[in-house]
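Q: with the input below, show me the fold.
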Amino acid sequence: MRMIVSEAFGACLNELVEEPDRNKHWKILRTRILESARDSGKQIVHYVPVWLFTGQDCLPFNIGPVKFVPRAGWLEEIRKRRGKSSPWMATVERLWSGEVVRGGSTWCGLKGVASALRRGKSGPRDLYRAYADGKRFSEPSDLFHGRVVSRLVHPDQWVACCDIQGFETSESRRRGILAARVALDTIRLALVRPNRSLISTSADSVQPFAIDRLSQLPNRDLAHGSGINRKGLSGAPGLATAIVDQSSELFDAAGQCIGAAATISINHGCPKLAERWLNAVHWYGRACIADVDFVGVVMLVIALDVLSGGLEQKGILELIARLTGLRTSHVVLNDGTSLKQLVERTYKLRSEVAHGSILAVHADLDDVRGYLEDLASTALDHYVIALKKYAETGGADDRDEFVKSLPPLIP
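A: Modelled structure (predicted):
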């Protein structure tokens, strides 16, 4: 990137010297940098294994530049992009079908055994391992690469194919993972709690798969308990297809915002508002998979604060009321809590936790977290759909103008 900037600066140096108005220098330089970046950028598809639907027959689907495909269809995506099959694919398909694939030189395996004996390792297990390693290392490259690739995707996982355009390799990779995460966060908006926490990328930090619990009562022996946090969303046949079909409007609107971050070109009518939604929904997604309630609560309030443009409690209340068309006095909980009271209560709790209240941190926040998840999910869903319509009508890329375009606030 530094080379691109230096080359762009040198290319427009004469133009900068001839322009007496220094306020216009950055505009000239920025235009040339963007042009150089577009010319030097690469078009890379990043493949990110994700936990999505398990035990479901569902066709591949897109959310903007991210295409979700089952593991069985992933190799076909690679073939389409390359234009032909790769030699290692046959090994992957054989291993995925349950076949035992053997290769390598027997002579290399025996040489491994001889080397182990010279090192004084003469046990049956050591000799077998030396033989297997020697034979494995002599495998043809396509067989070796096939074994490596076959282990990268779990049988129950999907693959997010993220098409990123115009960035150098490391930045493209960073944006590819971000696009996959935000696309999953978009799917969370179509789910109900606790299902939102079941989907994630393989790179996310989530709750451990297995949890052991040890305890003891007076005069009793040690008690051992365990629990499993399953990954992936499962259910009745057709569940995945129903979710995808019923969320087409949401996926289309969110896809435009994700696409704005996946390319160096400006392809959204309101790029600043699209980026605001992208940041907010990412906080929301991190909150859904947080393994501690107080962390989830803080992140959810941050998501709403970001979405409102940093207008805090008052701005969050106005934005949600306008997006949903609800009165601020509308009762949203069974105990009679109004929308205004819910926002006030949760924002106060966020402040208590953020400022170090131990009692707030260790309080039972499961119900509050559930209310906040639903509130944030509703706000983010309505926001991105409203933003798509607003941008298509030529609305200004401004926070306050967008809010004014929404239905009026009703006390």
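Q: which residues does the closest residue to residue 202 other than its chain neighbours contact?
A: Closest residue in space to residue 202, ignoring its immediate chain neighbours: residue 49 at 4.3 Å, by Cβ to Cβ, 6 or more residues apart in numbering. In short, each C-beta sits where N, CA and C put it, glycine included. Residue 49 makes contact with 152, 153, 154, 157, 158, 159, 160, 201, 202, according to Cβ atoms under 8 Å, 6 or more residues apart in numbering.
Q: closest to residue 294 out of those?
A: Of all the contacts of residue 49, residue 201 has the smallest distance to residue 294: 23.9 Å, by Cβ to Cβ.
Q: so how far is residue 189 from the closest one?
A: Residue 201 sits 17 Å away from residue 189, going by Cβ to Cβ, to the nearest Å.
Q: just the strands in the stretch 201-350 of the chain please.
A: Under the criterion DSSP state E, counting those that start in this stretch, the stretch 201-350 of the chain contains strands at 210-215, 223-228.
Q: got a markdown table for the ones you listed, with mean pLDDT and distance to residue 336 too?
A: Output for the strands of the stretch 201-350 of the chain, formatted as a markdown table (pLDDT from 0 to 100; distance: least, Cβ to Cβ, whole Å):
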| stretch | mean pLDDT | distance to residue 336 |
| --- | --- | --- |
| strand 210-215 | 80 | 37 |
| strand 223-228 | 81 | 35 |
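Q: could you dump those strands into JSON lines and include distance to residue 254 and mean neighbour count?
A: Converted to JSON lines, the strands of the stretch 201-350 of the chain look like this (distance: least, Cβ to Cβ, whole Å; neighbours: other Cβ atoms under 10 Å):
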{"stretch": "strand 210-215", "distance to residue 254": "33", "mean neighbour count": "9"}
{"stretch": "strand 223-228", "distance to residue 254": "31", "mean neighbour count": "10"}
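Q: could you dump those strands to a markdown table with distance to residue 316?
A: Conversion of these to a markdown table gives the following (distance: least, Cβ to Cβ, whole Å):
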| stretch | distance to residue 316 |
| --- | --- |
| strand 210-215 | 34 |
| strand 223-228 | 35 |
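Q: assign the most centrally placed residue in the chain to helix, strand or coil.
A: Among the residues of the chain, the one closest to the centroid is residue 181, at 0.6 Å (Cα atoms, centre = their mean). At residue 181, secondary structure determined by DSSP: H, G, I helix; E, B strand; the rest coil is helix.
Q: contacts only, for it.
A: Listed by Cβ under 8 Å, 6+ apart, the contact partners of residue 181 are 201, 204, 282, 285.
Q: and for the residue lying closest to the third one once chain neighbours are set aside, the neighbour number?
A: Read it as residue 282. Excluding its sequence neighbours, the residue lying closest to residue 282 (Cβ to Cβ, 6+ apart) is residue 182, at 5.7 Å. Counted by other Cβ atoms under 10 Å, the residues lying close to residue 182 total 25.
Q: same question, residue 307
A: Residue 307 has 28 neighbours, counted by other Cβ under 10 Å.
Q: which residues touch it?
A: If you count contacts by Cβ under 8 Å, 6+ apart, then residue 307 has 276, 277, 280, 316, 319, 379, 380, 383 around it.
Q: from residue 341, how far off is it?
A: Here the criterion is Cβ to Cβ. By it, residue 307 lies 20 Å from residue 341.
Q: cool, and residue 302?
A: Residue 302 sits 20 Å away from residue 341 when distances are taken as Cβ to Cβ.
Q: then residue 134?
A: Distance from residue 134 to residue 341, by Cβ to Cβ: 71 Å.
Q: more neighbours, those two?
A: When residue 134 and residue 341 are compared for neighbours, residue 134 comes out ahead with 22 against 16, by other Cβ under 10 Å.
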